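K.L.:
prediction below, plus the sequence it came from.
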Amino acid sequence: MKEDSDKIDTFRKIIHIDMDAFYASVEQRDRPELKGKPVIVGGDPQGRGVVAACSYEARKFGIHSAMPARWAHSRCPHAVFLRPRFDVYKAVSGQIREIFFDYTDLVEPLSLDEAYLDVTQNKKGIPYATAIARQIRSRIFNRTGLTASAGVSFNKFLAKVASDVDKPDGLTVIPPEAGAAFIDRLPIGRFYGVGKVTERRMHDLDIRTGADLKRWPREDLYRVFGKAGLYFHDIAHGHDERPVETERVRKSVGKEVTLGEDIEDIDEMHEILQGLSKKVEAALRNYGFTGTTVTLKIRYTDFRCITRSITLGAPVTDADAIMAQIRNLLKHTDAGAKKVRLLGITLSNFAEEHTASTFCRQLPLPLIWETG
């Protein structure tokens, strides 16, 4: 029994904090007359914007983030629509992070309203991560008037899933001895990294729970899902050694625009994309990056979103070089035949440590891949 206890003590103590309906909750806090009402933060319901966030009262009508604002309005005409106040949200997020750093320097923000904390060794010498999570949630409420949900476990995957179990204003703990049983019962759609498309594919393979996933050999998951299959195998067995990273490495630079109205004129698309490529070039110079993968993003009038990418043998550094690839990628889409409502450009596969001559020694074999 003593050996088991010692083993458990060696596990990491990870907390995932997720603010409850953050943007909408800030608005309800600052405007008490909105409490208890469906609040939607985002674009104009009469225009072409999308929902950035919504209150729990609005979610009862099936409204969710990234939904077109006009769809949200049709589902809940009496909802209160508000434009985002990002300066306010950032200020509140800063207050919350100050609380995190009172306990540990190992804080990994995922967004303004979400973060991982590694409290295995913490500044206050508190032996129990659950106690720290309770203190943090209480202090967040006392300082900001907002509620947060928390998940506590021995790795990032389980901590994140746990934070969503008892929302809003909940705390869920998954200790090491309960991890395997929790994963076995977990519906596959609740696994972080399993989107709707992958969930349907897994259902076709009769994988519906963690227990089903666990029965698949590692090599078979790799054969079906590629590298993601290795990740699925590991988390099904409770293995997630990812550290809490205090500095998140930027992996891409991108710019996109939702158009005022759907367009089908290719020349007009070229003009818009040229402007976006210049913005990407400016961002690259700001960060000191060069990249070898150029990606074009398109959302059609029916809201279907696709990407087309090309990876080159030499780094791309300026707008003209980006645009040369974008023009080619655009030919591999239905743009023109179909109207387009959004255009975007991303540069990735950074190589800030390399020179152009280094890349010229590689075989210049461009690869075009697509999703959607």
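P.N.:
Sure, I can see it.
K.L.:
show the average pLDDT along stretch 211-230.
P.N.:
Averaging pLDDT along stretch 211-230 yields 93.
K.L.:
CA atoms of that stretch as CSV?
P.N.:
The C-alpha trace of stretch 211-230 is given here as CSV (Å, rounded to 0.1, in the frame of the first residue of the first chain):
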residue,chain,number,x,y,z
ALA,A,211,-12.6,1.7,-23.9
ASP,A,212,-13.3,1.0,-27.6
LEU,A,213,-10.3,3.1,-28.6
LYS,A,214,-8.1,1.4,-26.1
ARG,A,215,-8.7,-2.0,-27.8
TRP,A,216,-7.1,-0.8,-31.0
PRO,A,217,-3.4,-1.6,-31.4
ARG,A,218,-1.1,1.3,-31.9
GLU,A,219,0.0,0.3,-35.4
ASP,A,220,-3.6,0.1,-36.6
LEU,A,221,-4.5,3.5,-35.3
TYR,A,222,-1.4,4.9,-37.0
ARG,A,223,-2.5,3.2,-40.3
VAL,A,224,-6.0,4.7,-40.1
PHE,A,225,-5.3,8.1,-38.6
GLY,A,226,-1.6,8.8,-39.3
LYS,A,227,0.3,10.6,-36.5
ALA,A,228,-2.9,11.5,-34.8
GLY,A,229,-3.5,7.8,-34.3
LEU,A,230,-0.4,7.7,-32.1
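K.L.:
buried stuff in that stretch?
P.N.:
A211, D212, L213, K214, W216, L221, Y222, F225, G229 (16 or more other C-beta atoms under 10 Å). For every residue, glycine as well, the C-beta is placed using N, CA and C.
K.L.:
tell me how far the nearest residue to the fourth one once chain neighbours are set aside lies from F182.
P.N.:
If the residues on either side of it in the chain are set aside, K214 comes closest to A236, at 4.4 Å by C-beta to C-beta, 6 or more residues apart in numbering. Taken as C-beta to C-beta, to the nearest Å, the spacing of A236 relative to F182 amounts to 12 Å.
K.L.:
compare those two (neighbour count), which wins?
P.N.:
A236 (26 against 18; other C-beta atoms under 10 Å).
K.L.:
show me the contacts for the more buried one.
P.N.:
Taking C-beta atoms under 8 Å, 6 or more residues apart in numbering, we find A236 in contact with I183, G210, L213, K214, W216.
K.L.:
make a markdown table out of these and add distance to F101.
P.N.:
Formatted as a markdown table, the contacts of A236 follow (distance: C-beta to C-beta, whole Å):
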| residue | distance to F101 |
| --- | --- |
| I183 | 31 |
| G210 | 34 |
| L213 | 36 |
| K214 | 37 |
| W216 | 41 |
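K.L.:
rewinding a little: okay, and the common contacts of A236 and F182?
P.N.:
Common neighbours of A236 and F182 (C-beta under 8 Å, 6+ apart) are G210.
K.L.:
C-alpha coordinates for the helix or strand where R327 lies, PDB please?
P.N.:
Following DSSP states H and E, one finds R327 within helix 319-330. What follows is helix 319-330, C-alpha atoms only, in PDB (Å, rounded to 0.1, in the frame of the first residue of the first chain):
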ATOM      1  CA  ALA A 319       4.100  39.500 -50.600                       C
ATOM      2  CA  ASP A 320       4.900  39.000 -54.300                       C
ATOM      3  CA  ALA A 321       6.300  35.500 -53.500                       C
ATOM      4  CA  ILE A 322       3.300  34.700 -51.400                       C
ATOM      5  CA  MET A 323       0.900  35.900 -54.000                       C
ATOM      6  CA  ALA A 324       2.600  33.900 -56.700                       C
ATOM      7  CA  GLN A 325       1.700  30.700 -54.800                       C
ATOM      8  CA  ILE A 326      -1.800  31.900 -53.900                       C
ATOM      9  CA  ARG A 327      -2.700  32.500 -57.500                       C
ATOM     10  CA  ASN A 328      -1.800  28.900 -58.300                       C
ATOM     11  CA  LEU A 329      -3.600  27.500 -55.300                       C
ATOM     12  CA  LEU A 330      -6.700  29.500 -56.100                       C
END
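K.L.:
my guess is I306 is in a strand, correct?
P.N.:
Yes. The assignment for I306 is a strand, going by DSSP: H, G, I helix; E, B strand; the rest coil.
K.L.:
so how far is L343 from it?
P.N.:
Counting by C-beta to C-beta, the gap from I306 to L343 is 11 Å.
K.L.:
what packs against the host helix or strand of V161?
P.N.:
Counting by DSSP H and E, the element that carries V161 is helix 156-163. Packed against helix 156-163 by the contact rule (3 or more C-beta pairs under 8 Å, 6 or more residues apart in numbering; DSSP states H and E) you find strand 14-19, strand 114-118, strand 148-153, strand 171-173, helix 176-185.
K.L.:
my guess is I207 meets P187, correct?
P.N.:
No. I207 is beyond contact range of P187, at 10.4 Å (criterion: C-beta atoms under 8 Å).
K.L.:
compare neighbour counts for the two and give me the winner.
P.N.:
I207 (23 against 11).
K.L.:
using the three-state scheme, assign that one.
P.N.:
The local conformation at I207, judged by three-state DSSP, is coil.
K.L.:
so what's the residue nearest the centre of the chain closest to, chain neighbours aside?
P.N.:
Nearest residue to the geometric centre of the chain (C-alpha atoms, centre = their mean): L110, 7.5 Å. Leaving aside its sequence neighbours, L110 sits nearest to Y116 (C-beta to C-beta, 6+ apart; 7.1 Å).
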